[in-house]
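Peer 1: Structure for the following, please:
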Amino acid sequence: MSWLAQLTPIATALLWPALGFALLAFVARGFASLRTARAAASEVRVNLTLYVFDAVLIAPSLGLMAAALAAWLGANGFVLVNAAMWSALPAWLVFAIALFFGDFVGYWRHRLEHTAPLWPSHAVHHSDTAMTWTTLHRFHPINRLTTTLID
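Peer 2: Here you go, the predicted structure:
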């Protein structure tokens, strides 16, 4: 797949939230939102650059690694709950369990990232000086690795 073909869905995925948040900001704050957006423009550029870097290089690599790890764990009998058990449960219960355990693991992983060994890479996420809708996309590759491995 060409670089341009990879960037097109990324740009499209960013376009709609950008327009939605811009409209919401304008409705809430009027023309003051334009001054705020101008002041945050350099932070937004950094965040979008990190997002594209992550989407093009980091995420595919981590996806392949996670799939290989899952295949290896399954081949060696390391399965916590087999697929038949999940299929037998009602969909609402699977959703509730996934939501609870996903939040539980995500919370403790985030706390772990605030410890001395992981803080230097996680600090990138907290270094945004202007909180915008793009702040969520500000991650160091090592932070992405810990999220992939733990979550």
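Peer 1: only C-alpha atoms for contact and neighbour calcs from this point on.
Peer 2: Noted.
Peer 1: so where is the chain shaky, pLDDT-wise?
Peer 2: Within the chain, the ranges that satisfy pLDDT under 70 run 1, 3.
Peer 1: 80 instead?
Peer 2: Applying pLDDT under 80 to the chain flags residues 1-7, 10-11, 14, 80-82.
Peer 1: Would you map the strands across it?
Peer 2: In the chain, no segments count as strands under DSSP state E.
Peer 1: Grab the longest helix from it for me.
Peer 2: helix 3-29 (DSSP state H).
Peer 1: which other residues reach stretch 11-20?
Peer 2: Contact partners of stretch 11-20, identified using CA atoms under 8 Å, 6 or more residues apart in numbering, comprise residue 133.
Peer 1: For that stretch, buried residues please.
Peer 2: Buried residues in stretch 11-20, counting neighbours by 16 or more other CA atoms under 10 Å, are absent.
Peer 1: Run the chain-centre distance for it.
Peer 2: Chain-centre distance of stretch 11-20: 16 Å, with CA atoms, centre = their mean, to the nearest Å.
Peer 1: likewise stretch 126-137?
Peer 2: The answer for stretch 126-137 is 13 Å, by CA atoms, centre = their mean.
Peer 1: and that stretch, C-alpha only, in PDB?
Peer 2: Extracted in PDB, the C-alpha atoms of stretch 126-137 (Å, rounded to 0.1, in the frame of the first residue of the first chain):
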ATOM      1  CA  HIS A 126       1.000  15.000  29.500                       C
ATOM      2  CA  SER A 127       3.200  17.700  28.000                       C
ATOM      3  CA  ASP A 128       0.600  19.400  25.900                       C
ATOM      4  CA  THR A 129       0.400  23.100  27.000                       C
ATOM      5  CA  ALA A 130      -2.900  23.700  25.200                       C
ATOM      6  CA  MET A 131      -5.600  21.100  25.800                       C
ATOM      7  CA  THR A 132      -7.300  20.400  22.400                       C
ATOM      8  CA  TRP A 133      -9.200  17.600  20.900                       C
ATOM      9  CA  THR A 134      -5.800  16.400  19.500                       C
ATOM     10  CA  THR A 135      -4.200  16.000  22.900                       C
ATOM     11  CA  LEU A 136      -5.400  12.400  22.900                       C
ATOM     12  CA  HIS A 137      -3.100  11.600  20.000                       C
END
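Peer 1: No further queries at this time; thank you.
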